[in-house]
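**Q** Can you look at this prediction? I've put the sequence above it.
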Amino acid sequence: MLGIAALALITVGRSAAAQVEAGIRVGAVAPVVTVDDLDGTPVDLGQWIGKRPVLLEFWATWCPNCEELLPRLKEAWKTYGQQVQFIGVNVTVNQKPDRVRRYIDEHEIPFLVLFDDRATSIKAYQAPATSYFVIVDASGKVSYTGLGVDQQFEAALKAVTSSR
């Protein structure tokens with residue numbers, strides 16, 4: 001069953017920018033939650049949070065901002081993927097695992113994708129919309145939040161990897 005937070009997710013326009021007012025607070029301790037993968041297997045985010053930097057993107061296959069951000073996200077993964085755990089959290093609004101799998105294959109998404117059909121991480125991270133990014137540093141603190149296509153998450157990735 002989808003939570004109210006998941007149903008409230010909408011795609012934001014181009015004017016949204018980094019360090020958004022909504023969502024989890026920068027400096028907060030990142031919640032450690034368990035979210036299923038596309039096969040229904042639970043994945044504990046605690047295997048990475050507090051141990052290495054993590055980038056979470058809350059996204060959907062129908063989100064045009066998410067699709068526009070994808071080339072930049074893939075490029076960032078090429079640059080920082082050995083140091084940062086990249087996780088795409090599918091918000092599951094109007095989504096089914098097979099549709100998400102097709103999207104992953106068609107767009108050659110190289111990082112872990114989770115299917116948050118219980119809105120566990122959506123609620124924990126207070127995701128206000130799709131195309132919402134949260135970057136967590138190696139100590140487990142939120143160091144960046146961003147929303148929309150104009151966000152500058154690359155500088156935050158550089159910061160969390162250079163401080164190690």
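**A** Everything's here; your move.

**Q** Now the residue nearest to W48 when sequence neighbours are not counted, what are its backbone angles?
**A** Nearest residue to W48, sequence neighbours excluded (C-beta to C-beta, 6 or more residues apart in numbering): Q85, at 4.2 Å. Every C-beta, even on glycine, is put in place using the N, C-alpha and C of the backbone. The phi and psi values for Q85, taken as degrees, to the nearest 10, are phi -80, psi 110.

**Q** Q85: what's it in contact with?
**A** Taking C-beta atoms under 8 Å, 6 or more residues apart in numbering, we find Q85 in contact with 48, 52-55, 112.

**Q** And for V89?
**A** With contact set as C-beta under 8 Å, 6+ apart, V89 has these partners: 35, 56-59, 113-114, 116, 121-122, 127.

**Q** can we see that at 10 Å?
**A** For V89, the contacting residues are 35, 45, 56-60, 112-116, 120-122, 125, 127, 130, 132, 134, by C-beta atoms under 10 Å, 6 or more residues apart in numbering.

**Q** got it, and D36?
**A** If a contact means C-beta under 10 Å, 6+ apart, then D36 has 42-43, 92, 97, 114-118, 120 as its contacts.

**Q** S162 now?
**A** Contacts for S162 (C-beta under 10 Å, 6+ apart) come out as Q83.

**Q** just W77 next, same as before
**A** Shown in contact with W77 (C-beta under 10 Å, 6+ apart): 55, 84, 86, 109-111, 157.

**Q** Next: I24.
**A** 30-31, 56, 124-128, 132, 134, 136, 142, 145.

**Q** What about those, which are in helices?
**A** If you go by DSSP state H, the contacts of I24 have A124 in helices.

**Q** can I get the contacts of I24 in JSON lines with pLDDT, neighbour count and distance to L70?
**A** Formatted as JSON lines, the contacts of I24 follow (pLDDT from 0 to 100; neighbours: other C-beta atoms under 10 Å; distance: C-beta to C-beta, whole Å):
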{"residue": "A30", "pLDDT": "98", "neighbour count": "24", "distance to L70": "23"}
{"residue": "P31", "pLDDT": "98", "neighbour count": "19", "distance to L70": "25"}
{"residue": "L56", "pLDDT": "98", "neighbour count": "26", "distance to L70": "15"}
{"residue": "A124", "pLDDT": "97", "neighbour count": "17", "distance to L70": "24"}
{"residue": "Y125", "pLDDT": "97", "neighbour count": "24", "distance to L70": "20"}
{"residue": "Q126", "pLDDT": "96", "neighbour count": "16", "distance to L70": "23"}
{"residue": "A127", "pLDDT": "95", "neighbour count": "30", "distance to L70": "18"}
{"residue": "P128", "pLDDT": "94", "neighbour count": "22", "distance to L70": "20"}
{"residue": "Y132", "pLDDT": "96", "neighbour count": "30", "distance to L70": "14"}
{"residue": "V134", "pLDDT": "98", "neighbour count": "28", "distance to L70": "17"}
{"residue": "V136", "pLDDT": "98", "neighbour count": "28", "distance to L70": "21"}
{"residue": "V142", "pLDDT": "97", "neighbour count": "21", "distance to L70": "23"}
{"residue": "T145", "pLDDT": "96", "neighbour count": "27", "distance to L70": "19"}
